[in-house]
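# with the input below, show me the fold.
(chains A, B, C and D)
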Number of protein chains: 2
Amino acid sequence: MNTQTPSKAIERLSRYRRVMQQLLMEKKVMYIFSHELAKASGVTAAQVRRDMMLVGYTGSPSKGYEVAGVVRCIGNYLDAPGRQTAALVGVGNLGRAILAYFLGRHANIDLVASFDTSSEKTGRVIHGCYCYDFDQLTEIITSEKIATAIISVPASAAQGVADVLIAAGIKGILNFAPVHLHAPEAVHVENVDIATLLEKVAFFSRK
Amino acid sequence: MNTQTPSKAIERLSRYRRVMQQLLMEKKVMYIFSHELAKASGVTAAQVRRDMMLVGYTGSPSKGYEVAGVVRCIGNYLDAPGRQTAALVGVGNLGRAILAYFLGRHANIDLVASFDTSSEKTGRVIHGCYCYDFDQLTEIITSEKIATAIISVPASAAQGVADVLIAAGIKGILNFAPVHLHAPEAVHVENVDIATLLEKVAFFSRK
DNA sequence: ATAACAGCGTGAATTAATTCACAGCAAAAT
DNA sequence: ATTTTGCTGTGAATTAATTCACGCTGTTAT
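Just a heads-up that it's a prediction; the model follows:
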């Protein structure tokens, strides 16, 4: 189905980039070997090299990879040509945590709008992001040409929100609600299911 | 490495259980076919049947799976024999969101302790969970025999927290900090990297 | 009765993801 | 100069995960 773009590799590329951006900023590291990047990212050296093939970056056997060059190359591969924006729906505890998380940090994607139904939240800026009423969703998504959304509403509301987002033209959803969302093939849905992940960790905790 | 227990299957089992618990409670569904459970869980019918093999549950061709029976069987497979507890370290925005999320809900795992360094948070109950000072971590983890922990501290503090947790005997970590944690083989680390996931969704948004 | 379904369980096949292993190369050492 | 060393890039092999496909079984319809 998603032949041509290994889903896992995309995640790794994003992590490599962050690791390398940090190394570049904080330690002025200019060159790095595959096994070093691998260790810092929690993968194997062979996998790093494979992933470099994917983005078409070539290192040198003697110096390794040029950090700034790889960062740029991963950016070419991962990022949209223009500015990348996203919206968040559901400014509850989790929604605010995500807004706070993205505030300032992370220049790659901007959270440019948030939505909620509660009048206590709408009409003001929360953690650096203006909160609109949910009624305005279609209007804002369309006018701002937002293609990516985060859903952090209660499970019972999630499918309804997803339907509105999809009708408004959203093409990718990061879903934190603990339900499977029904969406057309063309819309990419990524689920983060905290309860399930905790159960998984607990399971492997006892081997 | 983790031969014998397909990691992805564990996640699906957890989701099946939640879907079925809800169907049982809200709609009094007594029996369900593999394709129905598959649709509600976002997987294929064949996969549901495979996963049932894993937990050793047998359905009937005419009625399908007995919902309550499967829930019990998945519980036997996934849950610890006794009570399952977990601790949370880092009661910031995200930590509070997770505490709120688990408050009341989800009987499978109890968040029984949280930890922070800020005196504004320690010494009181936050979203139903008592917040201890970080200094008491080893003591509480040991005395309460907690094997699973959630890390929701800033990236810069995460490895240090992980080291203390591991020294205290923690066997599994759900890590929300955007760094790779170095941990011994015996400790299962599961990462939730929100920035990376959002970049992935954005990537696939434009196909 | 018996024929026609519909769905489960599972061996076999397929596909996706990762790792192995080695040729080739550039710097450093002899 | 020539050897050694240590890394990259990548075809081939391996391993993990998913899907296919079909025998079997209980139920409904003829």
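# at which residues are the strands of chain A located?
Assigned by DSSP state E, chain A shows strands spanning A:31-32, A:65-66, A:85-89, A:110-116, A:125-126, A:129-133, A:148-151, A:172-175, A:188-191.
# of the ones you listed, flag the one that's most buried.
Most buried of the strands of chain A, by mean neighbour count (mean count of other C-beta atoms under 10 Å in any protein chain shown): strand A:148-151, with a mean of 28. C-betas here are computed from N, CA, C, even on glycine.
# turn the strands of chain A into CSV, columns for distance to residue B:53.
Putting these into CSV (distance: least, C-beta to C-beta, whole Å) gives the following:
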stretch, distance to residue B:53
strand A:31-32, 44
strand A:65-66, 44
strand A:85-89, 38
strand A:110-116, 43
strand A:125-126, 47
strand A:129-133, 46
strand A:148-151, 33
strand A:172-175, 28
strand A:188-191, 24
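# any chance of those strands in JSON lines, plus mean pLDDT and distance to residue A:39?
As requested, these are arranged in JSON lines below (pLDDT from 0 to 100; distance: least, C-beta to C-beta, whole Å):
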{"stretch": "strand A:31-32", "mean pLDDT": "96", "distance to residue A:39": "10"}
{"stretch": "strand A:65-66", "mean pLDDT": "96", "distance to residue A:39": "14"}
{"stretch": "strand A:85-89", "mean pLDDT": "97", "distance to residue A:39": "31"}
{"stretch": "strand A:110-116", "mean pLDDT": "96", "distance to residue A:39": "31"}
{"stretch": "strand A:125-126", "mean pLDDT": "97", "distance to residue A:39": "38"}
{"stretch": "strand A:129-133", "mean pLDDT": "97", "distance to residue A:39": "35"}
{"stretch": "strand A:148-151", "mean pLDDT": "98", "distance to residue A:39": "31"}
{"stretch": "strand A:172-175", "mean pLDDT": "98", "distance to residue A:39": "28"}
{"stretch": "strand A:188-191", "mean pLDDT": "97", "distance to residue A:39": "27"}
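# so which of those strands gets nearest DNA strand D?
strand A:65-66 (6.0 Å; C-beta to the nearest atom of the strand).
# can you put the strands of chain A in CSV and add distance to chain B?
Shown next, in CSV, are the strands of chain A (distance: least, C-beta to the nearest C-beta, whole Å):
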stretch, distance to chain B
strand A:31-32, 15
strand A:65-66, 18
strand A:85-89, 6
strand A:110-116, 9
strand A:125-126, 11
strand A:129-133, 13
strand A:148-151, 5
strand A:172-175, 3
strand A:188-191, 4
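# turn these into CSV, columns for distance to DNA strand C.
Below are the strands of chain A laid out as CSV (distance: least, C-beta to the nearest atom of the strand, whole Å):
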stretch, distance to DNA strand C
strand A:31-32, 11
strand A:65-66, 13
strand A:85-89, 23
strand A:110-116, 27
strand A:125-126, 36
strand A:129-133, 32
strand A:148-151, 21
strand A:172-175, 17
strand A:188-191, 13
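# of all these, which one is nearest residue B:134?
Of all the strands of chain A, it is strand A:125-126 that lies closest to residue B:134, at 28.2 Å by C-beta to C-beta.
# give me every residue in chain A lying close to DNA strand C.
A:1, A:3, A:6-9, A:43-44, A:46-47, A:49-50, A:60-62 (C-beta under 7 Å from any atom of the strand).
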